[in-house]
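J.: Predicted model and sequence below, questions to follow.
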Amino acid sequence: MLAPISSSRWGFSAAAHLLNRAGFGGTPAEIDSLARLSASEAVDRILTPPPKEDPDPLPPPDWARPDPDRPQKLKEFREATPEVRRELTKARQKLERAQILELQSWWIRRMTQGNPAHAHREKLTLFWHGHFATSFQKVRDAYLMWRQNDLFRRLGGGDWTTLLGEVTRDPAMLIWLDQAQSKPEHPNENFARELMELFTLGEGNYSESDVLAAARALTGLTLDRLKQEPVYRARLHDNSPTTLFGDTGRHGVDDVLRLIVARPQASMFITARLWKFFAGTEPSPELASELAAEFERCGRAFTPFLRTLFLSEAFHAPDVVRHQIKSPVQLLVMACRQLERELPPAPATFTVLRMLGQELFNPPNVKGWEGGVAWINTNTLLTRHNLALFLTTGENPLPVLARNGNAKAAAKTQPQARAARMQRRTSTTPVNPQRLFAESEFQSADTLLNAAERRLLNSPFNPRDRAALKSHLKSDDLRDTASLLELLRLALCTAEYQLA
């Protein structure tokens, strides 16, 4: 099943599929450039990190570093009167909201800009963000959320045990799953349980005694909140012998991770999660076994494993290609790339993503986003259609949604309500449709529709949609801007466009 795709099957459609799934899609020119390579060369281009001397097109925000004034601020807060404390708390909360919006905007701009290698790295970072789901609602520190995001970006393609060790010691994770509060007399089982159930093994592949043993072994791992750094405090470690997966000893943090990763189910679990994210389906038992074996052959390193996955016949199978419902992030970023337009202003962008169900740095729970058909319901489908209008014409329909009650969830908290109000004052520039099509593509309605198919779907429209789209073109003036914008808008609203 993991045999490489044959050269006879490699071409524009296969290259488009690779770009759509390994990254966030691309323009016809970018797809053509990839298709001219061999499949192996194309995958290597996507997986090869940019040169170190290649400057980062979007450096992190200025505040994405430890705060040297943190101890002094805490001292002033403790010594302040209750009234001053309230004002300081309000100011801190306002700053937190501004920083997390800036962080969200920074990350999604990284996804939208850059070459295919950058795009894949951001896509893999998005996978890890959903896998190790952590929310700013509890962490409440934008620097720690950026730090975790950067960890996924730096180590997400490397060794599994190394990544797992860094995530286990990550300050945001220590807060999110309460490990920072674990004490030897009351070991907190929250992190130990999620480590096994959600991150490494899956439900049913560990016992309650394993959870307790791991929780005891993890005691001592905590957080220095002033320095915003993980710290190991030996006096808080339960050094009594524990038995974890049949291994008895005085276990520490690294022992827990070593024993977990060595379990037969561990490779099966993480490779199935990667397959589902990139291929969009649950692997069959036979494929799951092959994926796990390949991961072990690759030394439990993700980049060589993903190379095999992206090159495989199974990844390019008919029941995989164009059968994955686009996540809200994929939908927005891919549309901006294909339409060769900038992202809408940040307040609009993140109101849309919130309404569609995928707010970055704020997953719904420890399980992350469910994905698949969960992305689609009556309200989110309407929002997707209105997003198509917004991206093509610049006309903002979101206030209508709010008045009709479809954005109630987006107004539950004060900052979200404020974002919704800002949205009513937000607009964006329309697409310039003339620059999306070559001169030869304006020869007839059919050549124009062929070009729209190639750009937006990378495959043909279904006959009914093609007929409907053709009816909206002015037969006497194919360059009419309003007609072209309507063509693009309606194409983005088709059922096929919701799939990648």
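T.: Done, it's in. Numbering: from 1, shown residues only.
J.: low pLDDT regions in this structure?
T.: 52-54, 398-427 (pLDDT under 70).
J.: let's see it at 80
T.: 49-57, 114-117, 396-427 (pLDDT under 80).
J.: where along it do the strands fall?
T.: Assigned by DSSP state E, the chain shows strands spanning 221-224, 229-232, 242-244, 247-249.
J.: Other residues contacting the third one?
T.: The set of residues that contact strand 242-244 without belonging to it, under CB atoms under 8 Å, 6 or more residues apart in numbering, is 209-210, 213-214, 216-217, 248-251, 255-256, 259. C-betas here are computed from N, CA, C, even on glycine.
J.: List the pairing partners of that strand within its sheet, with orientation.
T.: Applying DSSP bridges, strand 242-244 is found paired with strand 247-249 (antiparallel).
J.: ok, now the second one?
T.: Under the criterion DSSP bridges, strand 229-232 sits next to strand 221-224 (antiparallel) in its sheet.
J.: Could I get the buried residue list for the strand it pairs with?
T.: 221-223 (16 or more other CB atoms under 10 Å).
J.: need those residues in a markdown table with distance to M145, can you?
T.: Below are the buried residues of strand 221-224 laid out as a markdown table (distance: CB to CB, whole Å):
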| residue | distance to M145 |
| --- | --- |
| L221 | 20 |
| T222 | 19 |
| L223 | 14 |
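J.: follow-up on the earlier one: closest to N365 out of the strands of the chain?
T.: Nearest of these to N365, taken as CB to CB: strand 221-224 at 21.9 Å.
J.: Residues touching the closest one, excluding its own?
T.: 168-169, 171, 174-175, 179-182, 229-233, 236, 253.
J.: Compare those and tell me which has the most neighbours.
T.: The most crowded member of those is Q179, carrying 27 neighbours; neighbours defined as other CB atoms under 10 Å.
J.: From L478, how far off is P433?
T.: As judged by CB to CB, to the nearest Å, P433 and L478 stand 10 Å apart.
J.: Show me whatever sits in contact with both of the two.
T.: What both P433 and L478 touch, as defined by CB under 8 Å, 6+ apart, is the set L484.
J.: Please pick the buried ones from the contacts of strand 242-244.
T.: Buried among the contacts of strand 242-244 (16+ other CB under 10 Å): 210, 213-214, 216-217, 251, 255-256, 259.
J.: quick one: which of the contacts of strand 242-244 sit in helices?
T.: Members of the contacts of strand 242-244 lying in helices (criterion: DSSP state H): 209-210, 213-214, 216-217, 255-256, 259.
J.: Output the residues you listed as CSV; include the columns distance to L274.
T.: Shown next, in CSV, are these (distance: CB to CB, whole Å):
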residue, distance to L274
S209, 29
D210, 24
A213, 28
A214, 24
R216, 31
A217, 27
D255, 26
V256, 22
L259, 22
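J.: so which of those comes closest to C298?
T.: Of all the ones in helices among the contacts of strand 242-244, C298 sits closest to L259, with 20.9 Å by CB to CB.
J.: What sits closest to N365 if chain neighbours are left out?
T.: A133 (7.1 Å; CB to CB, 6 or more residues apart in numbering).
J.: Please verify my assumption that that neighbour contacts P363.
T.: Yes. If you go by CB atoms under 8 Å, A133 and P363 touch, sitting 4.0 Å apart.
J.: what's the overlap in contacts for the two?
T.: With contacts taken as CB under 8 Å, 6+ apart, the residues that reach both A133 and P363 are W369.
J.: still on that earlier bit, the ones in helices among the contacts of strand 242-244: which two are farthest apart?
T.: S209 and D255 (15.9 Å).
J.: Got the domain ranges for this protein?
T.: Structural domains assigned to the chain are 7-56+263-311, 433-498, following automatic domain parsing.
J.: what residues are up against the residue nearest the centre of the chain?
T.: Residue closest to the mean C-alpha point of the chain, counted by CA atoms, centre = their mean, is L126 at 2.4 Å. Counting by CB under 8 Å, 6+ apart, L126 touches 111, 329.
J.: I am assuming L74 contacts K227, so please confirm or correct that.
T.: No. With contact defined as CB under 8 Å, L74 does not reach K227; the gap is 11.8 Å.
J.: got a list of what the residue nearest to N365 touches?
T.: A133 neighbours (CB under 8 Å, 6+ apart): 198, 363, 365-369.
J.: Filter the residues you listed down to the buried ones.
T.: Buried among these by 16+ other CB under 10 Å: 198, 363, 366, 368-369.
J.: Could you give the number of residues near the closest residue in space to R235 that isn't next to it in sequence?
T.: Spatial nearest neighbour of R235, chain neighbours left out: G220 (7.8 Å); criterion: CB to CB, 6+ apart. Residues lying near G220 (other CB under 10 Å) number 20.
J.: Hmm, W275 is touching S289, no?
T.: No. Assessed by CB under 8 Å, W275 is found out of contact with S289, at 11.9 Å.
J.: Which of the two has more residues huddled nearby?
T.: The neighbour comparison of W275 against S289 (other CB under 10 Å) goes to W275, with 20 against 15.
J.: Quick check: the gap between that one and P345.
T.: 36 Å.
J.: any idea how far the closest residue to G371 other than its chain neighbours is from W107?
T.: Excluding the flanking residues, the one nearest G371 by CB to CB, 6+ apart is S327, at 6.3 Å. Using CB to CB, S327 is found at 14 Å from W107.
J.: likewise A301?
T.: From A301 to W107 the distance is 25 Å (CB to CB).
J.: same deal with L389?
T.: Counting by CB to CB, the gap from L389 to W107 is 25 Å.
J.: returning to that earlier point: kindly reformat the contacts of strand 242-244 as a markdown table containing distance to D446.
T.: Below are the contacts of strand 242-244 laid out as a markdown table (distance: CB to CB, whole Å):
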| residue | distance to D446 |
| --- | --- |
| S209 | 68 |
| D210 | 63 |
| A213 | 67 |
| A214 | 63 |
| R216 | 70 |
| A217 | 67 |
| T248 | 73 |
| G249 | 72 |
| R250 | 74 |
| H251 | 68 |
| D255 | 66 |
| V256 | 62 |
| L259 | 62 |
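J.: Near E342, how many other residues are there?
T.: Around E342 there are 12 residues (other CB under 10 Å).
J.: One more: Y143?
T.: Neighbours of Y143 using other CB under 10 Å come to 21.
J.: and the top helix by length along the chain, what other elements does it pack with?
T.: Identified as the longest helix of the chain according to DSSP H is helix 82-112. Contact partners of helix 82-112 among helices and strands, from 3 or more CB pairs under 8 Å, 6 or more residues apart in numbering; DSSP states H and E: helix 70-79, helix 116-131, helix 142-155, helix 328-339, helix 346-356.
J.: go again using 7 Å as the cut-off
T.: Packing partners of helix 82-112 (3 or more CB pairs under 7 Å, 6 or more residues apart in numbering; DSSP states H and E): helix 116-131, helix 142-155, helix 328-339, helix 346-356.
J.: mind putting those helices in TSV, distance to S444 included?
T.: Shown next, in TSV, are these (distance: least, CB to CB, whole Å):
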stretch	distance to S444
helix 116-131	33
helix 142-155	46
helix 328-339	22
helix 346-356	35
